[in-house]
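>>> Here is my input, please return the structure:
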Amino acid sequence: MEGENVVQRLAFWSIFIGIGVLALKYAAYHVTGSVALYSDALESIVNVVAALAAWWAIRVSHKPADQNHPFGHHKAEYFSAVLEGVLIVVAALLILREVWSAWETPKVMDEPWLGLAINGIASGINALWATLLISRARSHKSPALLADGKHIMTDVVTSIGVFIGLVGAVVTGWTILDPLLAVIVALNILWQGWNVIGSSVQGLMDVGVPTEETMRIRDIISANAGGALEVHDLKTRIAGRVTFIEFHLVVHARMSVGDAHVICDRMENALMQQIPESSVVIHVEPEEEAKLPIGTAAVPFA
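Model (predicted):
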């Protein structure tokens, strides 16, 4: 419950942080007329919309299972992340459209140092907030919050590049650097949008846990499998913050249901204790269903 509250609070405040940063970045564009700073401000609009979507999705994902959604609402966060990826791509295309007109008629920036100072403050706020979001998203397994944090961090990297480039444009007088930087910004966020969409679609496709986590799960099962003969058909999938674990447990055919249940409880408790937010399903089978010779001490993949 505490983790749920932390994630929801961060998602809520991310909306207002995004609005504040957007206001600063638009002010930077307004005083300079720079198309590169315009592209930076446009990406911040995406941040605000994405923060709203993430807040909604996180609230939905924490709803308890019901009759229509017996496995819960955990995947709602992936829809938010996919939407964020699409919005990032749209922002990049809008930037490229603005660049086209700026490329034909490049102009000298007004009040460049004031605009860069304002944009620098906005980037500093973003950097601190993105670091916090990414850290908390990983500890609480929140795809929507992680996508939001990564996107904001990409915005920070973009802003640093824009800052350095515009300083060069002001010093050298090469006005062409302004639209050129905007193109680089657009291509960078296109790549980021593609990555966000790709990782979220993987979640919607019931991707399994990483190999390292699979080995950890296998070790936990093996350490608590006393009394059983074999474990096989280990399967995992990730849905938002929840890890679903399923496997078959082979026991002696003459073992009572009560004794087999004790083994299952021991394994399930160990998994849920060491892998928070996990859901475990164990299918008990008699020794005739074993895939390895009886006495083999292993948890094979099948």
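
>>> From residue 228, how far out is the residue lying farthest from the centre of the chain?
Computed with C-alpha atoms, centre = their mean, the residue of the chain farthest from its C-alpha average is residue 254, at 47.4 Å. Distance from residue 254 to residue 228, counting by C-beta to C-beta, to the nearest Å: 14 Å. All C-beta spots, glycine's among them, are computed from the backbone N, C-alpha and C.

>>> Residue 32 now?
Taken as C-beta to C-beta, the span from residue 32 to residue 228 is 69 Å.

>>> Residue 44 too?
55 Å.

>>> Looking at residue 32 and residue 228, which is more packed in?
A count of neighbours by other C-beta atoms under 10 Å puts residue 32 above the other of residue 32 and residue 228, at 25 against 21.

>>> and that one, what does it touch?
The contact partners of residue 32, taken as C-beta atoms under 8 Å, 6 or more residues apart in numbering, are 109, 110, 111, 112, 114, 115, 116.

>>> Leaving out sequence neighbours, find the closest residue to it.
Closest residue to residue 32 apart from its sequence neighbours, by C-beta to C-beta, 6 or more residues apart in numbering: residue 115 at 3.5 Å.

>>> need the contact list for the one you found.
Residue 115 sits next to 27, 28, 29, 31, 32, 34, 37, 109 when contact means C-beta under 8 Å, 6+ apart.

>>> For it, what is the enclosing helix or strand?
Element membership for residue 115 (DSSP states H and E) is helix 112-140.

>>> Buried residues, that helix. List them.
112, 115-116, 118-119, 122-123, 125-127, 129-130, 132-134, 136-137, 140 (16 or more other C-beta atoms under 10 Å).

>>> what mean pLDDT does it have?
For helix 112-140, mean pLDDT rounds to 89.

>>> repeat for stretch 289-302
Rounded mean pLDDT across stretch 289-302 is 59.

>>> quick one, what contacts residue 207?
237, 238.

>>> 6 Å instead, please
Neighbouring residues of residue 207 by C-beta atoms under 6 Å, 6 or more residues apart in numbering: residue 238.

>>> ok but it is inside a helix, no?
No - applying DSSP: H, G, I helix; E, B strand; the rest coil, one finds residue 207 to be coil, outside a helix.

>>> quick one: it and residue 236, what's the gap?
On the measure of C-beta to C-beta, residue 207 and residue 236 end up 9 Å apart.

>>> do the same with residue 189
Distance from residue 189 to residue 236, by C-beta to C-beta: 33 Å.

>>> Those two - which one has more neighbours?
Neighbour tally, residue 189 and residue 236, criterion other C-beta under 10 Å: the higher count belongs to residue 189, 24 against 19.

>>> Now the more buried one: closest residue in space that isn't a chain neighbour?
In space, residue 189 is closest to residue 92, 4.9 Å off (C-beta to C-beta, 6+ apart).

>>> If you count neighbours, what's buried in the helix or strand where the one you found lies?
Under the criterion of DSSP H and E, residue 92 resides in helix 76-104. Residues 76-85, 87-89, 91-92, 94-96, 98-99, 102 are the ones in helix 76-104 that count as buried (16+ other C-beta under 10 Å).

>>> Confirm residue 245 sits in a strand?
Yes - Residue 245 forms part of a strand when assessed by three-state DSSP.

>>> can you pull the contacts of it?
If you count contacts by C-beta under 6 Å, 6+ apart, residue 245 has them with 236, 278, 280.

>>> of the residues you listed, closest to residue 19?
Nearest to residue 19 out of these is residue 278 (C-beta to C-beta; 36.6 Å).

>>> Can you pull the phi and psi angles for that closest one?
Main-chain torsions, residue 278, degrees, to the nearest 10: phi -110, psi 150.

>>> how much space between it and residue 244?
Applying C-beta to C-beta, the value for residue 278 to residue 244 is 7 Å.

>>> all strands of the chain, in order?
Taking DSSP state E as the test, the strands found in the chain are 230-239, 242-251, 278-286.

>>> Dump the ones you listed into a markdown table; add distance to residue 183 and mean pLDDT as well.
Shown next, in a markdown table, are the strands of the chain (distance: least, C-beta to C-beta, whole Å; pLDDT from 0 to 100):
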| stretch | distance to residue 183 | mean pLDDT |
| --- | --- | --- |
| strand 230-239 | 36 | 86 |
| strand 242-251 | 41 | 90 |
| strand 278-286 | 45 | 91 |
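
>>> Redo these as JSON lines? Include distance to residue 156.
Below are the strands of the chain laid out as JSON lines (distance: least, C-beta to C-beta, whole Å):
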{"stretch": "strand 230-239", "distance to residue 156": "27"}
{"stretch": "strand 242-251", "distance to residue 156": "30"}
{"stretch": "strand 278-286", "distance to residue 156": "34"}
